[in-house]
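A.B. asks: got a structure for you, letters missing:
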């Protein structure tokens, strides 16, 4: 068995100690987990959300590994740290956490957090929908939560930050897979897209470990070759992962299946909300979709579904872009209280490779 990667809590400027108590709410969206930190996480400093993200990364990363990694979490855990918003009109702000660090956008988390915000009274419920404005590192995302007369929340739709096709038909030589041509599109995060059939895989039937291995290889090869840029901030200009698809882009009347491999070989269980956003932008730019056309996007692993619609043309800087609406459902799983003991040599968490 591979040796674990353990985290030395003494290496952090802000050490984990026995008085740390983290309370969480557990949710999932289409099978993809979301661990929401209710209390116990340090107060981050900074004038902007990106400043707070840097503070979390530089000074409090041991807290991320504490509640995300084993023995309290696992390699494919996903998390949300609520911070004070700085954008006008924001109801809440969030930092997204995964197994190797932090993300810029996460659609499945937005869907879950929107229900959470209404159910926790952060936003007053309205019928038939409650608007929730969530400041993400990539910008403001506006969500709309279905609410009945009794205040029960249901399906959520959100409107993305401007989404755009960054580049198409990029040739990359991937060890073990040969020369491939991929597209890169942005939906709050940058993703590479490839028809899985091009490498002998099927997103609906291939084994998860084969999809993960291929996705990680492609992402690594692209990171070594391509320099990304974003018109708003260099903090957003990195490749989050690779989305393997069913190749159904030109067929708008068919459900489009996909699987995202991101971070350190992390496998998304749901269709991926920001990935759906990026794929809609790709399909729209290539003429496979038109404004107002709703399409079904399916997770190749869990078979859960989101819908995606290009609702308006816009720009990101000088780049042609679209606003995408994604719709899905999130559910509650439970809650946790995480503690530690000082003499636990694995108190900051570990991951197996």
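C.D. replies: Structure's in. What do you need? This is a predicted model, so every value here is computed, not measured.

A.B. asks: these two touch, right, residue 349 and residue 75?
C.D. replies: No: with contact defined as C-beta atoms under 8 Å, residue 349 does not count as touching residue 75 (11.0 Å). To be clear about C-beta, it is placed using only N, CA and C from the backbone, and glycine gets the same treatment.

A.B. asks: Just want to know which of the two has more residues nearby.
C.D. replies: When residue 349 and residue 75 are compared on other C-beta atoms under 10 Å, the one with more neighbours turns out to be residue 349, at 24 against 17.

A.B. asks: Retrieve the pLDDT associated with the spatially closest residue to the more buried one that is not a sequence neighbour.
C.D. replies: Leaving aside its chain neighbours, residue 349 sits nearest to residue 69 (3.2 Å; criterion: C-beta to C-beta, 6 or more residues apart in numbering). Per-residue pLDDT puts residue 69 at 97.

A.B. asks: give the contact list for the most centrally placed residue in the chain.
C.D. replies: Nearest to the centroid of the C-alpha atoms of the chain, with distances taken as C-alpha atoms, centre = their mean, sits residue 106, at 2.9 Å. Taking C-beta atoms under 8 Å, 6 or more residues apart in numbering, we find residue 106 in contact with 78, 80, 96, 136, 188, 189, 273, 274.

A.B. asks: again with residue 234
C.D. replies: Counting by C-beta under 8 Å, 6+ apart, residue 234 touches no other residue.

A.B. asks: And it, how far from residue 46?
C.D. replies: 16 Å (C-beta to C-beta, to the nearest Å).

A.B. asks: Residue 198 too?
C.D. replies: Relative to residue 46, residue 198 is positioned 42 Å away (criterion: C-beta to C-beta).

A.B. asks: Hmm, the residue nearest to residue 349 is touching residue 347, no?
C.D. replies: No: taking contacts as C-beta under 8 Å, residue 69 lies outside contact range of residue 347: 10.9 Å.

A.B. asks: Nearest residue to residue 190 in space, please, no chain neighbours.
C.D. replies: In space, residue 190 is closest to residue 239, 5.1 Å off (C-beta to C-beta, 6+ apart).

A.B. asks: how about the helices of the stretch 101-250 of the chain, start to end?
C.D. replies: Using DSSP state H, counting those that start in this stretch, the helices of the stretch 101-250 of the chain run over residues 107-119, 208-225.

A.B. asks: Among the ones you listed, which comes closest to residue 315?
C.D. replies: helix 107-119 (21.2 Å; C-beta to C-beta).

A.B. asks: just how off-centre is that closest one within its chain?
C.D. replies: 13 Å (C-alpha atoms, centre = their mean, to the nearest Å).

A.B. asks: which residues does residue 313 bridge with?
C.D. replies: residue 322 (DSSP bridges).

A.B. asks: What does the pLDDT read for it?
C.D. replies: Confidence score, pLDDT, at residue 313: 98.

A.B. asks: 272 is where my numbering starts, stick with that
C.D. replies: Fine by me, first position is 272 from now on; the one you just mentioned is residue 584.

A.B. asks: wouldn't it be in contact with residue 593 here?
C.D. replies: Yes: taking contacts as C-beta under 8 Å, residue 584 lies within contact range of residue 593: 5.8 Å.

A.B. asks: More neighbours: the two, which one.
C.D. replies: In this view residue 584 and residue 593 are compared by other C-beta under 10 Å, and residue 593 has more residues nearby, 26 against 12.

A.B. asks: quick one: the more buried one and residue 551 touch, right?
C.D. replies: Yes: between residue 593 and residue 551 there is a contact at 7.1 Å, judged by C-beta under 8 Å.

A.B. asks: Pick the most buried one from the helices of the stretch 372-521 of the chain.
C.D. replies: helix 378-390 (a mean of 27; mean count of other C-beta atoms under 10 Å).

A.B. asks: Neighbours of residue 340, how many?
C.D. replies: If you count neighbours by other C-beta under 10 Å, residue 340 ends up with 23.

A.B. asks: tell me the contacts of it?
C.D. replies: 278, 346, 348, 370, 619, 620, 621, 622.

A.B. asks: measure it to residue 439 for me?
C.D. replies: Here residue 340 is placed at a distance of 37 Å from residue 439 (C-beta to C-beta).

A.B. asks: got a pLDDT number for residue 485?
C.D. replies: 98.

A.B. asks: and what of residue 277?
C.D. replies: pLDDT for residue 277: 65.

A.B. asks: so residue 425 touches residue 419, yeah?
C.D. replies: Yes: judged on C-beta under 8 Å, residue 425 makes contact with residue 419 at a distance of 7.5 Å.

A.B. asks: Please enumerate the strands of the stretch 322-471 of the chain.
C.D. replies: Secondary structure of the stretch 322-471 of the chain (DSSP state E, counting those that start in this stretch): strands located at 350-354, 363-369, 372-374, 400-407, 410-418, 424-430, 435-445, 449-457, 461-466.

A.B. asks: Which among those strands is found nearest to residue 540?
C.D. replies: strand 363-369 (12.8 Å).

A.B. asks: Contacts for the closest one, please.
C.D. replies: Outside strand 363-369, the residues that touch it by C-beta under 8 Å, 6+ apart are 315, 320, 323-324, 327, 335, 339, 348-358, 373-377, 380, 384, 388, 393, 403, 405-408, 533-534, 537.
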